[in-house]
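A.B. asks: fold the stuff below for me.
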Amino acid sequence: MKKKNIIIAGAVAGLLLVSGAAAFPRTSEANIFGDVWDFMKRGFSVSPPSGSPNEEAPEKAELPLYKPAYDYEEAVIAAVDEAKRSVVSIVISKDLPVIERCPIDPWSDLPPEFREFFGGGLQLYGQCERGTKKQEIGGGSGFIVSSDGLVVTNKHVVLDKDAEYTVLTNDGEKYDAKVVAQDPINDLALLRISATDLPVATLGDSDSIKLGQTAIAIGNALGEFRNTVSVGVVSGLSRDITASGGGGFIEKIEGVIQTDAAINQGNSGGPLLNLKGEVIGINTAVASGAQNVGFAIPVNQARRAIESVKKTGTIQTSYLGVRYIMVNESIAKQQELPVSYGALVRGAEDGPGVVPGSPAERAGIRAEDIITAVNGEKLEGGKMLGSVLQKYAVGETVTLSIRRGDGDIEVKAVLGERPNE
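C.D. replies: Reported below is the predicted structural model:
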């Protein structure tokens, strides 16, 4: 299958009248036409029927807006009004060299007695560095998740350790921002600004979203147009992508939401909403060479990071310690596996299937085990083991359902903290 480049950042209705008067008695024709005429009078302006010369033509009436369409539009507007208060723009600034056009003397190293023979009075110019100046080098989006100034965005938005970050809130206030945590396995980061009583985004449930439901993206498009709104649908679930961006940023992201709501450069880190105005995802990437194929990290994957920072000041990532292959019907058939879903524990070039000294080894998990469920949640329909485990905190005990050979067993594992890689 050809890989796509993933980049980090009416209807017309008519009424047809069929001529067939000779097929009906006169009375039937009149009754049928009268019903049609009554319908047309309610929303259209036409000439009166023949045989009614004394009847005045009705005044043209506007066809009332189709109520479900009106309700839908109102729902979108209400969702945006509710959410935009918590959406912020992030400005990235950095001290860069100031390059100017300066006069130069290419013969300055020659002895004075020889310099008069060169140049002939010709003034030459070149580029020279005159100190540094703070300049904007990019922008992104985010949203407030605590009234005391905690802001969620993408990791790739705040990746530059030498840059400074400024948050612009919806009411026009400007704050210096500090990066407090970056997720080691997801394109997520959290910032802190010094403020109180801020409007907070409402987080929804990304596990309950359905294909085809409305998706609304809000963000700082192109780093210039704040609170830009685009509307589409959820067009895919549980996608796995490898995203790349500036500064050599490359990251594999599992279980993302695909949407055709336009996600533009600068939208990264902004919220993807449902019709209730709840955040269901964090906009993160678009497919290069495609039209409106964007991706968002499910908000349930961000909940753990948010709660971890609120409690500990850092993002603690739960860790089981297995390398695995997600099983589907095709892999099950090729490998002659007993089940067509789950995570097959198997080593790779970078190490064994079960990491020595890990929670998985202590729980008794073995290579070639197939982990089929976590706390009863089946690993099927695109649910990845890593994504499901991220719902649980470090130190929590989870029950893993395992297919081993021809039998099924259950083991309990106490999740550890992911070691620094």
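A.B. asks: which secondary element of this protein has the worst mean pLDDT?
C.D. replies: Here the helix or strand of the chain ranked lowest by mean pLDDT, DSSP states H and E is helix 26-43, holding a mean of 43.
A.B. asks: and the helices in the chain?
C.D. replies: Counting by DSSP state H, one finds helices in the chain at the ranges 26-43, 67-83, 112-115, 299-312, 329-335, 359-363, 385-389.
A.B. asks: lowest-confidence stretch among the ones you listed?
C.D. replies: Among those, helix 26-43 carries the lowest mean pLDDT, at a mean of 43.
A.B. asks: how's this protein carved up into domains?
C.D. replies: 24-53, 86-193, 206-308, 318-417 (automatic domain parsing).
A.B. asks: and E278, how far from V345?
C.D. replies: As judged by CB to CB, to the nearest Å, E278 and V345 stand 36 Å apart. For every residue, glycine as well, the C-beta is placed using N, CA and C.
A.B. asks: with neighbour numbers in mind, choose between those two.
C.D. replies: Between E278 and V345, V345 has the larger neighbour count (other CB atoms under 10 Å), namely 24 against 19.
A.B. asks: I figured the more buried one was touching V322, is that so?
C.D. replies: Yes. With contact defined as CB atoms under 8 Å, V345 counts as touching V322 (5.0 Å).
A.B. asks: which stretches of the stretch 51-200 of the chain form strands?
C.D. replies: Secondary structure of the stretch 51-200 of the chain, counting by DSSP state E, counting those that start in this stretch: strands at 87-104, 124-146, 150-153, 164-168, 174-182, 189-193.
A.B. asks: tell me the bridge partners for V151.
C.D. replies: I144, L191 (DSSP bridges).
A.B. asks: ok, it - contacts?
C.D. replies: 88, 90, 142-145, 167, 177, 190-193 (CB atoms under 8 Å, 6 or more residues apart in numbering).
A.B. asks: if I look at it, how far off is L191?
C.D. replies: Taken as CB to CB, the span from V151 to L191 is 4 Å.
A.B. asks: intersection of neighbour lists for the two?
C.D. replies: Shared contacts of V151 and L191 (CB under 8 Å, 6+ apart): 90, 142, 167, 177.
A.B. asks: neighbour-wise, which one of those leads?
C.D. replies: G142 (32 neighbours).
A.B. asks: tell me the pLDDT at K383?
C.D. replies: For K383, pLDDT reads 81.
A.B. asks: typed the wrong thing, it's A261
C.D. replies: Reading off the model, A261 has pLDDT 88.
A.B. asks: in the sheet, who's paired with the closest residue to it other than its chain neighbours?
C.D. replies: Distances taken as CB to CB, 6 or more residues apart in numbering put G232 closest to A261, at 3.3 Å, once the chain neighbours are dropped. Per DSSP bridges, the residues bridged to G232 are A215.
A.B. asks: and G232, how many neighbours?
C.D. replies: G232: 17 neighbours (other CB under 10 Å).
A.B. asks: for it, give me its contacts.
C.D. replies: 214-215, 217, 259-262, 292.
A.B. asks: pick the one among the residues you listed closest to V200.
C.D. replies: V200 has its nearest neighbour among the contacts of G232 in A217, at 19.2 Å by CB to CB.
A.B. asks: wait, that closest one touches A261, no?
C.D. replies: Yes. In this structure A217 lies within contact range of A261 using CB under 8 Å: 4.3 Å.
A.B. asks: neighbour count winner among these two?
C.D. replies: A217 (26 against 23).
A.B. asks: measure the more buried one to N375 for me?
C.D. replies: Using CB to CB, one gets 32 Å for the distance from A217 to N375.
A.B. asks: re the thing from before, please identify the deepest-packed of the domains of the chain.
C.D. replies: Among those, domain 206-308 has the highest mean neighbour count (mean count of other CB atoms under 10 Å), at a mean of 20.
A.B. asks: end to end, how far does that one reach?
C.D. replies: 19 Å (CA to CA, to the nearest Å).
A.B. asks: and the strands in the stretch 301-421 of the chain?
C.D. replies: According to DSSP E, counting those that start in this stretch, the strands that the stretch 301-421 of the chain contains are 318-319, 324-326, 343-345, 370-374, 377-378, 397-404, 407-414, 416-417.
A.B. asks: nearest to Y70 among those strands would be which one?
C.D. replies: Per CB to CB, nearest to Y70 of the strands of the stretch 301-421 of the chain: strand 377-378, 39.3 Å.
A.B. asks: partners of the closest one, with directions?
C.D. replies: strand 370-374 (antiparallel).
A.B. asks: and the partner strand, average pLDDT?
C.D. replies: 96.
A.B. asks: angle of it against strand 407-414?
C.D. replies: Interaxial angle, strand 370-374 versus strand 407-414 (axes from the mean of the first three to the mean of the last three CA atoms, to 10 degrees): 60 degrees.
A.B. asks: what sits up against strand 370-374?
C.D. replies: Outside strand 370-374, the residues within contact range by CB under 8 Å, 6+ apart are 322, 324, 327, 337-339, 341-345, 365, 378-379, 385, 388-389, 398-404, 408.
A.B. asks: pLDDT weak spots in the stretch 201-350 of the chain?
C.D. replies: Applying pLDDT under 70 to the stretch 201-350 of the chain picks out residues 222-225, 243-251, 289-290.
A.B. asks: returning to that earlier point: for the strands of the stretch 51-200 of the chain, give me JSON lines that also has mean pLDDT and distance to V286.
C.D. replies: Formatted as JSON lines, the strands of the stretch 51-200 of the chain follow (pLDDT from 0 to 100; distance: least, CB to CB, whole Å):
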{"stretch": "strand 87-104", "mean pLDDT": "78", "distance to V286": "18"}
{"stretch": "strand 124-146", "mean pLDDT": "78", "distance to V286": "14"}
{"stretch": "strand 150-153", "mean pLDDT": "94", "distance to V286": "16"}
{"stretch": "strand 164-168", "mean pLDDT": "92", "distance to V286": "22"}
{"stretch": "strand 174-182", "mean pLDDT": "92", "distance to V286": "22"}
{"stretch": "strand 189-193", "mean pLDDT": "94", "distance to V286": "19"}
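A.B. asks: and of those, who's closest to A413?
C.D. replies: strand 174-182 (25.1 Å).
A.B. asks: can you list the strands that the closest one pairs with?
C.D. replies: Counting by DSSP bridges, strand 174-182 is paired with strand 164-168 (antiparallel), strand 189-193 (antiparallel).
A.B. asks: quick check: the residue nearest to A261 vs G281, distance?
C.D. replies: According to CB to CB, G232 stands 12 Å off from G281.
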